[in-house]
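> Sequence isn't available, so here's the structure alone:
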């Protein structure tokens, strides 16, 4: 039987979504689903949805993404609601952290369900089983190990790469050669290496890698903004976590900063940029995107300019 309140707790969005699917599977098929963003949602809006009847009969499920901020703003009111939840609706909150010593944790544990959403410890084994369950394909153990070494703990990317590999191998067992041989995958890895050099403050090496990437695959220039935006988001989040008192090791784990040897230089770059520098870098990247899409300068040249400007912000 479904609970009236669920807390999906963990930093990995892929695991959260898996748990969310399990929760939704427990609800009647005609349940009306409402998705809200916790950073913008208001308490009255959420409570109205939970206490009103579904438009087409059946029950309701209200899913709040980024619910940490929502809980922070309306903690006492949520504790009151959780103590006496609606019997015609289900509240699901996707949360990065919910310490067990908090009253809201204890309240949810009493009347609802807390599901921990952490990635598995043995990722190669998970990849092998996931390939079998989701793609109906065999992933060789050494291929699984290589895939995890290249991608890390990002289950969403592992899932995507396994789907690609299943298509390219046409149902045949996936080997080490299949994993390492994909041109698109190699380019993504090389792009990751370029942003690692940028994170370490190695501007000249980042430029060298960028020019090599464009020379090998001209289409790379159209993916650069996405990768650089991902790097900047990690910088921004690292600065915010550090400000809250988190240790560098815990931040690196949560943000999946790897390999280990770049973690120190990454934090040096984040500290050097600071909140103002990260905001300025984000504005610069948005300008690169605008100029490239407007035909002002070549995309590859615009990205080079961004790499050089970052070194000036440090």
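Perfect, thanks for sending it. What you see is a predicted model, and the numbers here were worked out from it, not measured in a lab.

> And the helices in the stretch 1-150 of the chain, which stretches?
13-26, 43-51, 67-73, 75-83, 103-111, 123-135, 141-151 (DSSP state H, counting those that start in this stretch).

> So which of these is nearest residue 240?
Residue 240 lies closest to helix 67-73 among the helices of the stretch 1-150 of the chain, at 11.9 Å (C-beta to C-beta). From N, CA and C alone the C-beta is placed, and that goes for glycine too.

> Average pLDDT for that closest one, rounded please.
Averaging pLDDT along helix 67-73 gives 94.

> same for it, what does it pack against?
Packed against helix 67-73, as judged by 3 or more C-beta pairs under 8 Å, 6 or more residues apart in numbering; DSSP states H and E, are the following elements: strand 89-95.

> For the stretch 151-300 of the chain, give me the ranges with low pLDDT.
182-189 (pLDDT under 70).

> for it, what spans make up the helices?
So, for the stretch 151-300 of the chain - with DSSP H, counting those that start in this stretch - the helices run 155-168, 176-181, 183-199, 203-216, 224-243, 248-255, 263-293, 299-313.

> Save the ones you listed as CSV, and put in mean neighbour count and distance to residue 131 too.
What follows is the helices of the stretch 151-300 of the chain, written out as CSV (neighbours: other C-beta atoms under 10 Å; distance: least, C-beta to C-beta, whole Å):
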stretch, mean neighbour count, distance to residue 131
helix 155-168, 17, 5
helix 176-181, 16, 11
helix 183-199, 18, 15
helix 203-216, 16, 29
helix 224-243, 18, 25
helix 248-255, 16, 25
helix 263-293, 17, 30
helix 299-313, 18, 34
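
> right, so of the helices of the stretch 1-150 of the chain, which gets closest to residue 275?
That would be helix 67-73 among the helices of the stretch 1-150 of the chain, by C-beta to C-beta, at 17.7 Å.

> residues of the closest one that come out buried?
67, 68, 70, 71 (16 or more other C-beta atoms under 10 Å).

> So what would you say the end-to-end distance of stretch 287-307 is?
End-to-end distance of stretch 287-307: 13 Å, with C-alpha to C-alpha, to the nearest Å as the criterion.

> Including distance to residue 115, could the helices of the stretch 151-300 of the chain go into TSV?
Formatted as TSV, the helices of the stretch 151-300 of the chain follow (distance: least, C-beta to C-beta, whole Å):
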stretch	distance to residue 115
helix 155-168	16
helix 176-181	31
helix 183-199	31
helix 203-216	40
helix 224-243	23
helix 248-255	18
helix 263-293	30
helix 299-313	40
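
> Okay, now the unreliable bits of the stretch 1-150 of the chain?
54-57.

> now do 50
Under the criterion pLDDT under 50, no range of the stretch 1-150 of the chain is flagged.

> Please dump the helices of the stretch 1-150 of the chain into a markdown table; it should also carry distance to residue 173 for every row.
Converted to a markdown table, these look like this (distance: least, C-beta to C-beta, whole Å):
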| stretch | distance to residue 173 |
| --- | --- |
| helix 13-26 | 24 |
| helix 43-51 | 48 |
| helix 67-73 | 41 |
| helix 75-83 | 48 |
| helix 103-111 | 44 |
| helix 123-135 | 10 |
| helix 141-151 | 8 |
